[in-house]
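K.L.:
Quick one, what's the 3D model for this:
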Amino acid sequence: MPSKIKAAALVALCCTVAGPVLAGCDDDTAADWDPFASKTPKATADPFSGTKKIDVAGRSVNVSCSGVPAKGRPVVVLLHGGGDGLDKMAAFQKTLSKANRVCSYDRLGAGASDKPDGPQSFSSTGKILTGVLDRIAGDGPVVLAGHSMGGLIAARYAPDHQDRVKGLVLMDATSPTITDDITKAIPKSATGQAAQLRAQNLAIFQGNNPEKLVMTDGEVRSAGRIPVEVIKHGKPYLAAVPKYGPRLEQAWTAGQRKWLALSSRSRLTTAAKSGHYIYVEQPDAAVQAIQRVTSQAER
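P.N.:
Residues are numbered from 1 along each chain as shown. Predicted coordinates for the structure are as follows:
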């Protein structure tokens, strides 16, 4: 496989921690997701603009906010993919902030935030997210819009935080069963570049990634009747993987459909002109989805 194609596949499958490769962490049980967080008094929202570092549980977290807050209107919170940071989403955030209050942040191990002390789980990552939301939205509503691994984190977080998460947009989010998907799509008997791709991604799932996030598969739990938009890539870039590419594309599409179980108000669309980075390659599709969800979340 040409080096450029191989690199693209790795970014999708691994780097964005799985563009098409990523998965859950600890147990996907309610306990993992700090279900009592909603009972903790929330701070008043800080209406700052620009980028600043805030303290969350004794850790420094880099946060960026833009746009004007509006009473009753959800704050849109962007979650970057694995291997990326809030800087990757800066142009997209600027576009969205013309009509919304929008914030993004570097998770521990990413961008300008502190590095994690050790392995992270969805539970620990979720607690950092809760701390960020307390600061930027107070007790107000939010819409989470996540790309790749960020979409996976948002989708795992929402079911236990329905008091504040009023909508989701998943932009080519990592499948909830990504480990199983890739091990079936690329069997252990594979050789050459496909075998390398398989091994590298499985290592990432085990925590060999910048955020040290350990990931395991899990069932999709309901987040109630919140509006959910799932957007999948339309350019079949995974098909470039020798021999097993078509299987990977099929598994990725199946994984996107699984996210529809998040809500009875879920919808799946395809960004026909985009590869994995939908908010970069076809931003209009992502902007429109976020605007639809934000409008529905206000009702």
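
K.L.:
Which parts of the stretch 51-200 of the chain are strands?
P.N.:
Here the stretch 51-200 of the chain has its strands, by DSSP state E, counting those that start in this stretch, at 59-66, 75-79, 102-105, 142-147, 165-171.

K.L.:
would CSV of the ones you listed with mean pLDDT be doable?
P.N.:
Shown next, in CSV, are the strands of the stretch 51-200 of the chain (pLDDT from 0 to 100):
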stretch, mean pLDDT
strand 59-66, 98
strand 75-79, 98
strand 102-105, 98
strand 142-147, 98
strand 165-171, 98
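
K.L.:
a markdown table please, covering the ones you listed and showing mean neighbour count.
P.N.:
(C-beta placed from N, C-alpha, C; glycine too.) A markdown table is the format used below for the strands of the stretch 51-200 of the chain (neighbours: other CB atoms under 10 Å):
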| stretch | mean neighbour count |
| --- | --- |
| strand 59-66 | 20 |
| strand 75-79 | 27 |
| strand 102-105 | 28 |
| strand 142-147 | 28 |
| strand 165-171 | 28 |
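
K.L.:
And those strands: which comes nearest Gly85?
P.N.:
strand 59-66 (7.9 Å; CB to CB).

K.L.:
Now do that closest one and strand 75-79, the angle between them.
P.N.:
Angle, strand 59-66 to strand 75-79, by axes from the mean of the first three to the mean of the last three CA atoms, to 10 degrees: 120 degrees.

K.L.:
wait, which of the strands of the stretch 51-200 of the chain is closest to Thr294?
P.N.:
Taking CB to CB, strand 142-147 is the member of the strands of the stretch 51-200 of the chain nearest to Thr294, at 5.3 Å.

K.L.:
Walk me through which strands the closest one pairs with, and which way each runs.
P.N.:
strand 75-79 (parallel), strand 165-171 (parallel) (DSSP bridges).

K.L.:
now for those strands, which one comes closest to Val214?
P.N.:
Val214 sits nearest to strand 75-79 of all those, at 17.9 Å, using CB to CB.

K.L.:
As CSV, could you dump the C-alpha coordinates of that closest one?
P.N.:
Presented in CSV, the C-alpha positions along strand 75-79 are these (Å, rounded to 0.1, in the frame of the first residue of the first chain):
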residue,chain,number,x,y,z
VAL,A,75,-23.6,25.5,24.8
VAL,A,76,-22.1,23.5,22.0
VAL,A,77,-19.0,21.5,23.3
LEU,A,78,-16.6,20.1,20.7
LEU,A,79,-14.6,16.9,21.5
